[in-house]
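[1] heads up, no residue letters with this:
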């Protein structure tokens, strides 16, 4: 059965390709600038993300200043040194060998923020779950990431940053949270698998082990779905 609203086969293939070939890029950036029209398309895609109560809590800080990026890189260096202390032995050596940012490598950095007061005191749909503003801003990140992959542009999310220090560097207002610090640029290649999987840090979990039916731990009973998910699905 196919819906009359479905995309064409070629269009669907493009959507799924972007999803499956999206990578967290750190090491493959090229210095080529991103044309303003292309950057505008990426930001437009991000701005069309869904948001609870249509609050649209995001703002986009485009960062091409080398001085600003150097200050952010120094924050990363301090935080990464502290993070490395959590791992010892072979795990520690592997961690220290990983390149976990591309702050100074790509032509552009972008910080997507979340204004936690956007929409006023009472936002439709936010009364029970206050963090839906953060969740909504994450959807903007994903929209941008997938659009970037379709444009042949790599994106890397730098999460090893002290948010308060980053707030000070970027001069953010008190109510604005720096949700995602991204490195963006054209790349020499998109890896065939996530870099952390390639380096042996972690592997993708089998989908069949993560699907439950009508409650936690209850196996899928639909035979066709079980078959589609894979033979490892819990009985």
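    Here it is on my side, so go on. Here the structure is a predicted model, which is why all the values come from computation and not from measurement.
[2] quick one: the helices in this protein?
    9-21, 36-47, 66-84, 89-97, 132-150, 163-170, 195-198, 223-229 (DSSP state H).
[3] Save these as JSON lines, and put in mean neighbour count, mean pLDDT and distance to residue 107 too.
    C-beta here means a position set from N, CA and C on the backbone, and glycine is covered the same way. Formatted as JSON lines, the helices of the chain follow (neighbours: other Cβ atoms under 10 Å; pLDDT from 0 to 100; distance: least, Cβ to Cβ, whole Å):
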{"stretch": "helix 9-21", "mean neighbour count": "11", "mean pLDDT": "97", "distance to residue 107": "21"}
{"stretch": "helix 36-47", "mean neighbour count": "16", "mean pLDDT": "98", "distance to residue 107": "10"}
{"stretch": "helix 66-84", "mean neighbour count": "15", "mean pLDDT": "98", "distance to residue 107": "10"}
{"stretch": "helix 89-97", "mean neighbour count": "11", "mean pLDDT": "95", "distance to residue 107": "26"}
{"stretch": "helix 132-150", "mean neighbour count": "21", "mean pLDDT": "98", "distance to residue 107": "13"}
{"stretch": "helix 163-170", "mean neighbour count": "16", "mean pLDDT": "98", "distance to residue 107": "18"}
{"stretch": "helix 195-198", "mean neighbour count": "14", "mean pLDDT": "94", "distance to residue 107": "20"}
{"stretch": "helix 223-229", "mean neighbour count": "13", "mean pLDDT": "89", "distance to residue 107": "41"}
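[4] Of those helices, which is nearest residue 104?
    Taking Cβ to Cβ, helix 66-84 is the member of the helices of the chain nearest to residue 104, at 5.7 Å.
[5] relative to helix 89-97, how tilted is the closest one?
    In terms of direction (axes from the mean of the first three to the mean of the last three Cα atoms, to 10 degrees), helix 66-84 departs from helix 89-97 by 180 degrees.
[6] Let me have the helices of the chain in JSON lines, adding distance to residue 210 as columns.
    Compiled in JSON lines, these are given as follows (distance: least, Cβ to Cβ, whole Å):
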{"stretch": "helix 9-21", "distance to residue 210": "17"}
{"stretch": "helix 36-47", "distance to residue 210": "27"}
{"stretch": "helix 66-84", "distance to residue 210": "27"}
{"stretch": "helix 89-97", "distance to residue 210": "24"}
{"stretch": "helix 132-150", "distance to residue 210": "19"}
{"stretch": "helix 163-170", "distance to residue 210": "29"}
{"stretch": "helix 195-198", "distance to residue 210": "16"}
{"stretch": "helix 223-229", "distance to residue 210": "9"}
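[7] right, and the ones you listed - which one's nearest residue 105?
    When those are compared by Cβ to Cβ, helix 66-84 sits nearest residue 105, at 9.8 Å.
[8] Which elements pack onto the closest one?
    The elements that helix 66-84 packs onto, with contact taken as 3 or more Cβ pairs under 8 Å, 6 or more residues apart in numbering; DSSP states H and E, are helix 89-97, strand 108-115, helix 163-170.
[9] Residue 207 is nearest to which of the ones you listed?
    Across those, residue 207 has its closest neighbour in helix 89-97 (25.9 Å, Cβ to Cβ).
[10] So which elements touch that closest one?
    Helix 89-97 packs on helix 66-84, going by 3+ Cβ pairs under 8 Å, 6+ apart.
[11] out of the helices of the chain, which comes closest to residue 206?
    Among the helices of the chain, if distance is taken as Cβ to Cβ, the winner is helix 223-229, at 8.7 Å.
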